[in-house]
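> Okay, structure incoming, though there's no sequence with it:
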């Protein structure tokens, strides 16, 4: 291993000078092209027209048919393959098959097509890349490393899937610079890619000038069979087609293998025809294993179609090069094993030790020089733009800085008891419309429930194919894609503040995307209305019960349930203020009064005393959302009877849990164990706040179809229930 | 209202004698056909070729162009429309638009096409009908009522959406006899329909004989734009095409309106082309408002194609007949209002009071006579079958009786500490393979994770288009459709015992289907493996944290986490034994030892003492699943030190909560408040069992990518952590 370590230690020190490398890269491209034209790759074509061909047959053909410069391209491709093979092998865990099959398309993409600066991964105008088939993470790590990203060193590649490494099992944007979005849960990556392309189209429409384009990049994605089977990918693709996202280019790694075996057993639809039906431009590269020219041409053709997204179906052999495991599920999700690694090395004539990359490959693959040039050109454009369009430039720069405009929170309205009581879903709309003028990044919409979720920003039109500068997004009835697309609006890292909405019950359709928001640190605002049995007649299929509890159990998610106008304002203060943490807002269909003592500041603390008896209370009543008023009402009755009672509003458990012990003691003194909570949802976990001497009033079974107020009576969600519970404790 | 009540009270008493009614029905069908041929409806065709036509234009054309007998058909259709209009109006809540537009296709379906017996809604061989667009529930209630189902009386129609009525906001199978599946969450209904068709195809293949077909029915479904936008519908449709479900016939109510307005704003894909790509037979009925002949012919054509499911796109006008609200979202989800109801009555020349149905319509629509005939014919076939194929008949009858075969539970293996420790996912496979031979109804599979979820029944092949008698179902990477399809296998009410599997983390993709299982009383067995950070290298995108808590909060769901082989057997005893209640099994990737004191009987109680110190314990340790062993190990150490300690295994909170107070006290004596729980998941809710004097050890944040055992160390999920926690309490 010493020899390996040495050769790994200094790869970049010995590469050729930058200028000559760039020239050489161009030359390789040219020579590869002519090699393809003259049949060097072409001769393979016949042999590998179908990915179903025997893996064994690869060996001689590839090894003898490639000329010197095309040989370098092949070396690059094999370097990618072996970094993946060896990374998985060392970890004895991972998925080598996809990287081995997708290395050629990735080579073309990262080496020739994509515009990025490895030395500044966050450079705004970079092309975005999403590995929707996230299990093939070693492919992405290999590409980042070879392309010159410092975030993934050779040593990092050797730590694949190990504790605290930069190369976790699936690509994680919050771990590895250069990874745009976290993937793994299949289908969400392609939906993220749609969202990134939406961000580009939207910002381009808002800020570009005919003579000065400051927003101009492609979004690339590699998806697999699994992604295509997941419903979310069709949801997202339908929207991408509808919106005409011409700068979205998706490779479908058509390798016909998934974990259960050949896709014939469950996946025989015509994928390209489906994408055609969804309004996409589709292309088929029949031999994705060796026909680099066809891959290159496909991307060029994709770029030529500007009013439709493009899906390039690239037929590949999973585990290409492995003589005994290629084209089988054995190569999908497990290390090849020492024998097969050796056989694959022989098969592909790869004589380098694990993790050793030839200098010529390092030099060819490094995009640092190009990247610096891309960024410098863009900076020059931005300078011109700043000069010509100072106002737009100021907003644009503010936006992409990711900093919120100063004083934005002042736009949030305040309410007094004199203000008419209202449903918090309506307050939510008030907040969105108050914030929209001061937050140029605010963008979002509903899954076909805008008039119910109250999510329209009235001063804007709809984001559509021909009106992409508008900021109301119409997601249709596609909750899961909505969540993932909105996540990507945030992950575009351009200052966009996404929100998205549906009935709270249908969070069940988009739960994975909400979790991904929390995991991948997206400040997405999930506007969830109709938050309890209080919605009434629609019945138990539409009435959330366990949903508050289920999101409170989700790490990092801020589950918030405001009790009136001020608290709704507080929720938006929290939601907008946290750009790396999502909030889920549970909002009512029914009206509730505005209170004198609720506040934004209190809301930010998660729980606070809204009725204070001024001395040590005998009992503490706790309410959230539409039931806060019931706690207050019961408190008034108890107080009138001479009981010392505090009422606590608790819009967010998580925020309260994060306050210091003194504050927590001030709200819930340890020696006041007589406590009653009321909330029209599962009581699970409430004991943490009521103590096990207290009583949690809630709904732990299905709702029913009937008018909301009657249901509240029938389910015992009333001020009287709070009063009686408190009396039973006193 | 008195007049109405009277005319409603005796409608069936005055109808014509049965024979003549059947004859008349046939006559109407004939006359309607000739009316259509001779242009009576045809003359409308030109006017209504597009559903985009002005609603106002309907009035004169329809009212003057229909002859006497076609007039009866029209009366039937308008009766459906007005039952829906008036039901929604009386409730001042609901969705009149869909029933008004879908009344013609429903009339053809229920009156002419479908085979069922309204007097025995559970008759086995009935055609199944699913209203996937469940918000149009008044359509289904009207059809059930008019067709002669006693489960929906005229009085019930007048109680639409009221407390304890038989006509809740969305169709609920557990409330209304004749409703096959509960719908409302969009897209799941079409997936349910696929599942019902799978059940039919599977059972037909197993039991039918060339000379004797005891299983032979169609599955019909009405889906809307919303269903089509949801990803689950594509997942399910892709499988239906793959499986070649020739007896599945789906109407797509193409009315171009959803809640946000015209579908142009978010839904411009070519739906028929998408279904073509998915391997379906597609038909377009251009005028679904008046062209009954085309609807009829479409169903006939659908039946003629036996190797593909059929999607009939029926272009309709939402809210057909409403002069001011048709073709707008105003008619989608709200009562028309008195003025518009009046205007619609005038427009459609419907002179009857609300809920009054003309005798001729009642007579025409009633299918009781046909139903009795259908059932009698089938009973005769079954009698022949029983005579000719007594063995198959015995199994078939046992199966469709819904009773489990006697002694089935004896097939479950028992384990002792001498048996090699194993992962519970492997034990789960052992159980499935032990049960398969004794449970002819057991059928299921995985969402492309069979070799990881360990779900294959080794004695069977795959359920496929050409091998439909087999019992391993390959769902592909389509968790949500899998859940809904498996639910429908249960809801087919033919004794099938469905199970379905994925990684526990991907329950997030199918959560709504799992909730629907619990709500609609399906004994589905959700096999969820890789149930904690213990899965290791795949990292936080794949590691469940909040999932146990989230399902424990879900009403009726039995969330189970077995701690060894015996408890896995216990989980299957519970899961199979509960035919109306789903279980979710959280199963480990990693091995755990078999214990001497674990048992099926203990598991059935949800929690039980597995290490008993024989006197009052000082401390109680509680463990679940793969952490049970840690509690035991810590207990041994404490015990060796002289501490009196009990160890409780708690595989299911819900079952324990349902035991009696004495039993609960025996496991958790009230005065033993020193308790420590350990579980590699969210600690939310554990205080209920640890008391707030105890300690819950768990994982309340994201997992990470690293080998599982290392993660357990890093996250403090160890015997030592239990030991130390207990010591801190003593």
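It's in. The shown structure was predicted, so the numbers you read here are calculated from the model rather than taken from an experiment. Residues are numbered from 1 along each chain as shown, chains lettered A, B, ... in the order given.

> Hmm, residue A:78 and residue A:350 touching each other?
Yes - between residue A:350 and residue A:78 there is a contact at 5.1 Å, judged by Cβ atoms under 8 Å. To be clear about C-beta, it is placed using only N, CA and C from the backbone, and glycine gets the same treatment.

> More neighbours: the two, which one.
residue A:78 (25 against 20; other Cβ atoms under 10 Å in any protein chain shown).

> dump the residue contacts of the residue nearest the centre of chain A.
Nearest to the geometric centre of chain A sits residue A:487, at 4.3 Å (Cα atoms, centre = their mean). By Cβ atoms under 8 Å, 6 or more residues apart in numbering or on different chains, the residues touching residue A:487 are A:181, A:192, A:195, A:498, A:513, A:516, A:517, A:520, A:522, A:524.

> Kindly tell me how buried the closest residue to chain B within chain A is, as a neighbour count.
Proximity to chain B, evaluated over chain A using Cβ to the nearest Cβ, is greatest for residue A:231 at 2.2 Å. Residues contacting residue A:231 under the criterion other Cβ under 10 Å number 29.

> Spatially, which residue comes closest to it, not counting chain neighbours?
Using Cβ to Cβ, 6 or more residues apart in numbering or on different chains and skipping the chain neighbours, the partner closest in space to residue A:231 is residue B:231 (2.2 Å).

> Other residues contacting stretch A:385-397?
In contact with stretch A:385-397 (Cβ under 8 Å, 6+ apart) are residues A:207, A:209, A:211, A:212, A:214, A:382, A:440.

> So which bits of the stretch 551-700 of chain A are right by chain B?
Residues of the stretch 551-700 of chain A lying close to chain B by Cβ under 8 Å from any Cβ of the partner chain are A:552-556, A:682, A:684-685, A:687-688, A:691-692, A:700.

> pull the longest helix from chain A.
Ranked by residue count and defined by DSSP state H, the top helix of chain A is helix A:68-91.

> any idea how far it is from the chain center?
In terms of Cα atoms, centre = their mean, to the nearest Å, the centre of helix A:68-91 is set 29 Å apart from its chain centre.

> Could you list which of the contacts of residue A:487 belong to strands?
Using DSSP state E, the subset of the contacts of residue A:487 located in strands is residue A:498.

> if we look at chain B, which of the contacts of residue A:487 are close to it?
The residues of the contacts of residue A:487 that also fall near chain B, by Cβ under 8 Å from any Cβ, are residue A:516.

> Which of the contacts of residue A:487 sits closest to residue A:297?
Closest approach between those and residue A:297, by Cβ to Cβ: residue A:192, at 26.6 Å.

> wouldn't that closest one be in contact with residue A:186 here?
No - the criterion here is Cβ under 8 Å, and residue A:192 misses it with residue A:186 at 11.9 Å.

> Which one of those two is surrounded by more residues?
Under the criterion of other Cβ under 10 Å, the comparison of residue A:192 against residue A:186 puts residue A:192 first, with 33 against 30.

> Looking at the more buried one now. What's its pLDDT?
Looking at residue A:192, its pLDDT is 98.

> now do residue A:351
pLDDT, residue A:351: 96.

> Could you do the one 10 residues further on as well?
Reading off the confidence values, residue A:361 has pLDDT 96.

> Give the closest residue to it in space, chain neighbours not counted.
residue A:79 (4.5 Å).

> who touches the one you found in this structure?
Counting by Cβ under 8 Å, 6+ apart, the residues that residue A:79 touches are A:142, A:146, A:357, A:358, A:361, A:365.

> so which of these comes closest to residue B:546?
The closest of the contacts of residue A:79, once distances to residue B:546 are taken by Cβ to Cβ, is residue A:142, at 33.0 Å.

> still on that earlier bit, give me every residue that touches the residue of chain A closest to chain B.
A:187, A:480, B:187, B:230, B:231, B:232, B:233, B:234, B:235, B:478, B:480, B:481.

> Model confidence for the third one, exactly?
Yep, that's residue B:187 we're talking about. Reported pLDDT for residue B:187: 98.

> what about the nearest residue in space to residue A:135 that is not next to it in sequence, distance to residue A:185?
Using Cβ to Cβ, 6+ apart and skipping residues adjacent in sequence, the residue nearest residue A:135 is residue A:95, 4.3 Å away. According to Cβ to Cβ, to the nearest Å, residue A:95 stands 15 Å off from residue A:185.
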